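Participant: let me see the structure of the following:
(one chain, ligands or ions: 3)
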Amino acid sequence: MGNVVIVGSQWGDEGKGKITDMISKKTDVVVRYQGGNNAGHTVVVEEKEFKLHLIPSGILYEDTTCVIANGVVVDPAVLLEEIESLIDRDVGVNDFHISSNAHVIMPYHRELDQLEEVRKGNGKIGTTGRGIGPVYMDKIGRFGIKMGDLLNEEVLREKLEATLELKNSILTEIYDADDFDIDELVDEYLEYGRQLQDYITDTSYLINQAMEQGDNVLFEGAQGTLLDIDHGTYPYVTSSNPTAGGACIGAGVGPTKIDSVLGIVKAYTTRVGAGPFPTELTGKAGEVIRNQGKEFGTTTGRPRRCGWLDATVVRYAARVNGLTSLAVTKLDVLDGLETIKVCTGYEYKGEVLKEFPTDQRVLAECEPIYEEFAGWDEDTSKVREYDNLPENAKAYLDRLSELVGVKISILSIGPKRAETIIIDKFVD
Ligand code: GDP
Ligand code: IMO
Ligand code: MG
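Facilitator: Residues are numbered from 1 along each chain as shown. Ligands and ions are numbered 1, 2, ... in the order given. Below you'll find the model as predicted:
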């Protein structure tokens, strides 16, 4: 299978967790390379549901090594809770490693994230409030605190002294909020370091060593292409690079080591938070999809905005990620709909746009151009062979693949492991 990057091809929540879990069976190492606990990846194993925010979705297979790499931002309290809840459910967390270079989410990051959203009012991003934007600002601004710093009191204190005065001034003088006490922070975060020290290591070395000895490595993206800080619908994006290139930077591996890039595509579109969404269905049709697809956030519980599949978006994702194949998820959610639409391009001020616009203000004024498909009544969640799918479902998938220009290798028709159809031998 080689080394594979899994990326979300839309605005997140495409079912990356389910597909990562499925492929993990054939994988030696699974790596999260960006984002933090803004992610919510749900994996269903028989009757058990696991909601993972930080730990890679490969953790549910005993023999898989799991890694949180340098590009991830870690809230240590959340991570410890996640480790504990997995152990409580008899999932082993032994072969698990965290990069000493991963940046740490501090309480002032969370606080500033939430205060900034309130300050923005109607212009807010609709963040998850987990401190993601502010911690990446500190990383790029060279004020960051890394996981390795939690193992050394002197270093941690020195770094906090360098940043906390400014943070406290912003909190008290701009936002009229409370400040943070350096001694309390040092004590709290040293304790996290003590509890996590056995997991903290040089993960770039670990991953490259594994590759060297012929292991397969899977890079599990969080969020999605359209939430990418460089290639997404800026400013309504997250603060990292979920796109495939982010895997190299976020894990410390060279691009020559990546063999394939699997784009996860939900059979319709959802988006959480603010920002343009041309195919959004605001009325009853959107509600039908939301209820059938159980489209409520794994992390924040917010109802997800729902709409038709936008092939222009997925074609764009194919380009910026270099997708080599697609995994289409949640096709079963469309069962029973009379007609289904797919957006093939946009109309903008009387002009037809075939490519996804780079300016989100243009996108906000785009009207989708649709192709309409007849639906199907059959329950696709029971189907196990591609050939046994309803003809209309096959026509829908064929056209999607044609519009995007990438083959479909996996089809998911339910949350469980067995509810999956392998179309080509991507996973042998
Ligand atoms: P992620 O963030 O990309 O991992 O996706 P989420 O886990 O946030 O959201 C996907 C949701 O859909 C989860 O609750 C999954 O259990 C569920 N799911 C995944 N694949 C399928 C599918 O093919 N059909 C249905 N009905 N549900 C699915
Ligand atoms: P997974 O990995 C869907 C969205 C938020 C908001 C924007 C910025 O489960 O697909 P942030 O807290 O990152 O600063 O919020 O990004 N967002 C997600 N939407 N799925 C996710 O993760 C998301 N992670 C962040 O709703 O619009
Ligand atoms: Mg999710």
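Participant: scan the chain for its longest strand.
Facilitator: Longest strand of the chain, by residue count under DSSP state E: strand 339-348.
Participant: can you pull the contacts of the closest residue to ligand 3 within the stretch 151-300 of the chain?
Facilitator: Using CB to the ion, the single residue of the stretch 151-300 of the chain nearest to ligand 3 is Thr298, 4.7 Å away. Quick note: C-beta positions are derived from backbone N, CA and C, even for glycine. Contacts here follow CB atoms under 8 Å, 6 or more residues apart in numbering; on that basis Thr298 touches Asp13, Gly40, His41, Thr42, Lys51.
Participant: if we can go back for a sec, the longest strand of the chain pairs with which strands, parallel or anti?
Facilitator: Take DSSP bridges as the rule and strand 339-348 pairs in its sheet with strand 309-310 (parallel), strand 351-353 (antiparallel), strand 367-374 (antiparallel).
Participant: take the ones you listed and write them to CSV, including mean pLDDT, mean neighbour count and distance to Ser100.
Facilitator: Shown next, in CSV, are the strands paired with strand 339-348 (pLDDT from 0 to 100; neighbours: other CB atoms under 10 Å; distance: least, CB to CB, whole Å):
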stretch, mean pLDDT, mean neighbour count, distance to Ser100
strand 309-310, 98, 26, 40
strand 351-353, 97, 11, 45
strand 367-374, 98, 15, 46
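Participant: closest to ligand 2 out of those?
Facilitator: strand 309-310 (15.5 Å; CB to the nearest ligand atom).
Participant: C-alpha coordinates for stretch 194-207, PDB please?
Facilitator: Extracted in PDB, the C-alpha atoms of stretch 194-207 (Å, rounded to 0.1, in the frame of the first residue of the first chain):
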ATOM      1  CA  ARG A 194       5.300  14.600  33.900                       C
ATOM      2  CA  GLN A 195       2.200  12.600  33.000                       C
ATOM      3  CA  LEU A 196       3.000  12.600  29.200                       C
ATOM      4  CA  GLN A 197       6.800  12.300  29.300                       C
ATOM      5  CA  ASP A 198       7.000   8.700  28.300                       C
ATOM      6  CA  TYR A 199       5.100   9.500  25.000                       C
ATOM      7  CA  ILE A 200       7.200  12.500  24.100                       C
ATOM      8  CA  THR A 201       9.900  11.900  21.500                       C
ATOM      9  CA  ASP A 202      11.400  12.800  18.100                       C
ATOM     10  CA  THR A 203       8.600  11.600  15.900                       C
ATOM     11  CA  SER A 204      10.100  12.600  12.600                       C
ATOM     12  CA  TYR A 205      13.000  10.200  13.300                       C
ATOM     13  CA  LEU A 206      10.500   7.500  14.400                       C
ATOM     14  CA  ILE A 207       8.400   7.900  11.300                       C
END
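Participant: list the buried residues in that stretch.
Facilitator: Leu196, Tyr199, Ile200, Thr201, Asp202, Thr203, Ser204, Leu206, Ile207 (16 or more other CB atoms under 10 Å).
Participant: same check, this time on stretch 318-334
Facilitator: Judged by neighbour count using 16+ other CB under 10 Å, the buried positions of stretch 318-334 are 318, 320-334.
Participant: ok, now which ones touch the residue lying closest to Ala267 once chain neighbours are set aside?
Facilitator: Excluding its sequence neighbours, the residue lying closest to Ala267 (CB to CB, 6 or more residues apart in numbering) is Leu331, at 4.5 Å. By CB under 8 Å, 6+ apart, Leu331 lies in contact with Ala267, Thr380, Ala393, Leu397, Leu411, Ser412, Ile413.
Participant: out of these, give me the two with the largest separation.
Facilitator: The most widely separated members of those, counting by CB to CB, are Ala393 and Ser412 (12.9 Å).
Participant: show me where the stretch 101-250 of the chain has its helices.
Facilitator: Secondary structure of the stretch 101-250 of the chain by DSSP state H, counting those that start in this stretch: the helices cover 107-120, 132-141, 153-169, 182-196, 203-212, 245-251.
Participant: near ligand 2 at all, the shortest one?
Facilitator: Right, the one you point to is helix 245-251. No: on the criterion CB under 6 Å from any ligand atom, helix 245-251 is out of touch with ligand 2, staying 12.7 Å away.
Participant: run the chain-centre distance for that helix.
Facilitator: Centroid separation between helix 245-251 and its chain, computed with CA atoms, centre = their mean, to the nearest Å, is 14 Å.
Participant: buried ones in that helix?
Facilitator: Those would be Gly245, Gly246, Ala247, Cys248, Ile249, Gly250, Ala251, for helix 245-251 by 16+ other CB under 10 Å.
Participant: packing partners for that helix?
Facilitator: If you count contacts as 3 or more CB pairs under 8 Å, 6 or more residues apart in numbering; DSSP states H and E, helix 245-251 packs onto helix 203-212.
Participant: what does the helix it packs on contact?
Facilitator: So helix 203-212 is contacted by 3, 28-29, 31, 65, 67-70, 97-99, 217, 251-253, 257 (CB under 8 Å, 6+ apart).
Participant: just want the residue of the stretch 251-400 of the chain that's nearest ligand 2.
Facilitator: Across the stretch 251-400 of the chain, the shortest distance to ligand 2 (CB to the nearest ligand atom) belongs to Gly273, at 2.1 Å.
Participant: buried residues, stretch 52-66. List them.
Facilitator: Along stretch 52-66, these residues count as buried under the neighbour rule (16+ other CB under 10 Å): 52-61, 64-66.
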